[in-house]
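S.K.: what's the 3D shape of this:
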Amino acid sequence: MSKLKKKKKIFEAYSQNLKWIKEKTNAKFDIEFDKGVLCPLCLKVFLESDLNPSEKNYLTLEHNPPKSLGGKDNILTCKKCNNQSGHKTDVELLTFLLEQDFKSFSPNSKHRTKLENNKGSKVTADLSFDGDGKMTLNLQSKYSNPKDYNDFLESEERGLFPIEGELGKFATKKLQFNLKIPDNGNMRLASIALLKIGYLLGFEKYGHIFLFNQNLDKIREQILNPEKNLITDPFWINFEFPEMYLGVNIINKPSELLCFLNTFVLKTKSRNAQISIAFPGYNKEDAVIYENINKTLCSNEGGELDMEITTMEPFLDLKDESKVFCSALIWDDRKKASAQHNL
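M.R.: Okay, here's the model as predicted:
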């Protein structure tokens, strides 16, 4: 399927979804339209004509998670938001994850670094681990200063050197050097990339009704302005959930953690990392969820936490008119049940 055909298919599904919301609510928009979608990040209205790449700010296929981490292009965002959010945070996320793989000596991880011997000669090298964890070091003369490269090689010691763990085996050459551990990833920007992935997953699954949550305004602002510290409390749940909870969920218990929980997997060559991002519900008082995560899950008190989760996946169908308000209705039920439980 061509990119344009795929964009049209996604546009048709989400424009119908928005049309149902318009027909059943008093929602107001900047322009009048029959068929249109909202960019989930800037909330501007885009028409079918905006699928055309000749438009100044056209609709693009958004890979969520990023394509480099195994994501698929199942939603549309405008070009401006796609570029703005992606260039600032997605690269940092990839860099951070690959560095973590390397620091853990994970199989199939690779990193370009600098080696320096005791005479100060520096060379560029690729250090990699294969599927069995075997390490290989390749010096890169092309990316090293020629004099330093030659001095580095000439610093090798010759003789018979026992290889640790290999009884009866010896090496005939030995190089001594310091290895620079990679530390270029910006953890804060990487975390904002995770926030964006979780947010866009909510839009993909719930449709436009997800965007009408008043508590997501600050989250959108944070995603579009990753250099600002608008959300400082943790917004992730650091727990490995069963595979059945991949997708969108609601945490029912404990009541102080009542929230939407969007769970996804990031894939590198070394591993699959499961990430779970929390989002507040539709009511004004639900905005305290990140403060509650900090108090409940990040305290030093320890102990076990009894958590009850409902997966939302069986209740959702973007193309079913009767389910267009599903997330809001189920949230309302959970709020009432939680309130009764606390009486």
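S.K.: where's the residue nearest the centre of the chain relative to Glu313, distance?
M.R.: The geometric centre of the chain, computed from its C-alpha atoms, lies nearest to Leu194 (C-alpha atoms, centre = their mean), at 3.1 Å. For Leu194, the distance to Glu313 under the criterion C-beta to C-beta, to the nearest Å works out to 20 Å. No exception for glycine: its C-beta is placed from N, CA and C like everyone else's.
S.K.: Helices of the stretch 151-300 of the chain, start to end?
M.R.: With DSSP state H, counting those that start in this stretch, the ranges of helices along the stretch 151-300 of the chain come out as 187-206, 217-224, 289-297.
S.K.: closest one to Leu179 among the ones you listed?
M.R.: For the helices of the stretch 151-300 of the chain, distance to Leu179 was read as C-beta to C-beta. The smallest value, 21.5 Å, belongs to helix 187-206.
S.K.: So which bits of that closest one are buried?
M.R.: Along helix 187-206, these residues count as buried under the neighbour rule (16 or more other C-beta atoms under 10 Å): 189-206.
S.K.: Over to stretch 245-261?
M.R.: Taking 16+ other C-beta under 10 Å as the basis for neighbour counts, the residues of stretch 245-261 that come out buried are 245-253, 256-261.
S.K.: Any idea how far apart the tips of that stretch sit?
M.R.: The first and final residues of stretch 245-261 sit 9 Å from each other (C-alpha to C-alpha, to the nearest Å).
S.K.: got it, and stretch 231-250?
M.R.: Between the opening and closing residues of stretch 231-250 we find a distance of 21 Å, counting by C-alpha to C-alpha.
S.K.: For that stretch, buried residues please.
M.R.: Taking 16+ other C-beta under 10 Å as the neighbour-count basis, stretch 231-250 is seen to contain the buried residues Ile231, Phe235, Trp236, Ile237, Phe241, Tyr245, Leu246, Gly247, Val248, Asn249, Ile250.
S.K.: Kindly report the same for stretch 148-155.
M.R.: Per 16+ other C-beta under 10 Å, stretch 148-155 contains these buried residues: Asp148, Tyr149, Asp151, Phe152.
S.K.: how close does the last one sit to Leu127?
M.R.: Right, Phe152. Phe152 is 15 Å from Leu127, where distance means C-beta to C-beta.
S.K.: and if you look at the second one?
M.R.: Distance, Tyr149 to Leu127, by C-beta to C-beta: 16 Å.
S.K.: Local confidence estimate at the closest residue to His63 other than its chain neighbours?
M.R.: Using C-beta to C-beta, 6 or more residues apart in numbering and skipping the chain neighbours, the partner closest in space to His63 is Gly71 (4.3 Å). Looking at Gly71, its pLDDT is 95.
S.K.: same thing with Val248?
M.R.: According to the prediction, Val248 has pLDDT 98.
S.K.: repeat for the one 3 residues further on
M.R.: Ile251 is assigned a predicted lDDT (pLDDT) of 96.
S.K.: could you point out where this structure is predicted with low confidence?
M.R.: 158-174, 299-304, 341-343 (pLDDT under 70).
S.K.: what's the longest helix in it?
M.R.: When every helix of the chain is counted residue by residue (DSSP state H), the longest turns out to be helix 3-24.
S.K.: Just the residues contacting that helix, thanks.
M.R.: Residues outside helix 3-24 that contact it (C-beta atoms under 8 Å, 6 or more residues apart in numbering) are 1, 27, 29, 34-38, 48, 51, 59, 61, 73-76, 207-209, 212, 318-319, 321, 324-325.
S.K.: by how many degrees do that helix and helix 187-206 diverge?
M.R.: Using axes from the mean of the first three to the mean of the last three C-alpha atoms, to 10 degrees, the direction of helix 3-24 lies 70 degrees away from that of helix 187-206.
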